[in-house]
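Participant: sequence-free structure coming up:
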C-alpha cells in the first residue's frame, strides 16, 4: 500500500553497484529501511544528496506490514538546510546527534511524537545564528524523555558522582530550559555535563558503546 509520510534520514549503506539501503525514521511507521536503486549511478549523483544523514524528507512510500525492506516511490527535500552542512560546528553536532539516534532510537510506538521532536530540533539548530554551543546537551536530555528513561534532576543524571556546585546549578537549569533559553555554560561545565549525560545513556542503552563522534565535537566546542 502507498502512503505519504515525512522522514528523517538516519544512515545509508551501499548496496550492489549503484544502489543503497537507507534507514529513515518516518512520521507514520517509525524506523524503516528502504532500497533505492540506481541512486549512485553517474546520471543520478545529485539524488544522493537526499539521503545524507539528518536530511528531512517528504516521502511517498510503499509499506507492507512486517517487511524488512520497503521501497520509496517519491522523495523530495522537506526543509533545505541553511547552515547544518556549511557551519563546521553545527555539522559536527549533527554528526554526533545522528550517531546517538542510530544507537538509541529503535521501534517507537509514538513515532509521530519522536519525529516531531527530532525535526523541530533540527530546524531550531539550523536557524540559530548564535548561542547554539550547548544545543546537544539539551537535545540529549529531551531525547531521553522520549526514549522512556529521561531524568528530571541533576542527581538522576550524575548518580553517585558529585558535580561542583556551579555545574550542578547549570545542569538543573538545563533540565528546565528550551533551546533558545539555555544561557551561558563554560567549556569545562559543557564537557563535564556531556560526559555525565553519556554515562547516563550508557546505563540505560546496552547498545550505546563508544560514541566516536564525541571527540570531534569536544575539540570544536572547547
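Facilitator: Alright, I've got the coordinates. The shown structure was predicted, so the numbers you read here are calculated from the model rather than taken from an experiment.

Participant: which residues in the protein form strands?
Facilitator: 2-15, 19-26, 30-36, 56-62, 70-77 (DSSP state E).

Participant: Compare those strands and report which one is nearest to residue 198.
Facilitator: Comparing the strands of the chain by their distance to residue 198 (C-beta to C-beta), the top pick is strand 2-15, with 19.2 Å. The C-beta positions use only the backbone N, C-alpha and C, and glycine is treated the same way.

Participant: Need the residues that contact the closest one.
Facilitator: Among residues not part of strand 2-15, those counted as contacts by C-beta atoms under 8 Å, 6 or more residues apart in numbering are 20-29, 31-32, 35, 40, 50-63, 73, 78, 98, 101-102, 105, 115, 118-119, 122.

Participant: distance of the nearest residue to residue 202 once chain neighbours are set aside from residue 19?
Facilitator: In space, not counting the residues next to it along the chain, residue 202 is nearest to residue 208; the distance is 4.9 Å by C-beta to C-beta, 6 or more residues apart in numbering. Distance from residue 208 to residue 19, counting by C-beta to C-beta, to the nearest Å: 30 Å.

Participant: Equivalent analysis for residue 202, please.
Facilitator: Here the criterion is C-beta to C-beta. By it, residue 202 lies 35 Å from residue 19.

Participant: which of the strands of the chain sits most buried?
Facilitator: strand 19-26 (a mean of 21; mean count of other C-beta atoms under 10 Å).

Participant: Can you give the contact residues for that strand?
Facilitator: Outside strand 19-26, the residues touching it (C-beta under 8 Å, 6+ apart) are 5-15, 31-40, 48, 51, 57, 59, 61, 69, 101-102, 105, 111, 114-115, 118.

Participant: what pLDDT, on average, does that strand get?
Facilitator: Averaged across strand 19-26, the pLDDT comes to 96.

Participant: All set now, cheers.
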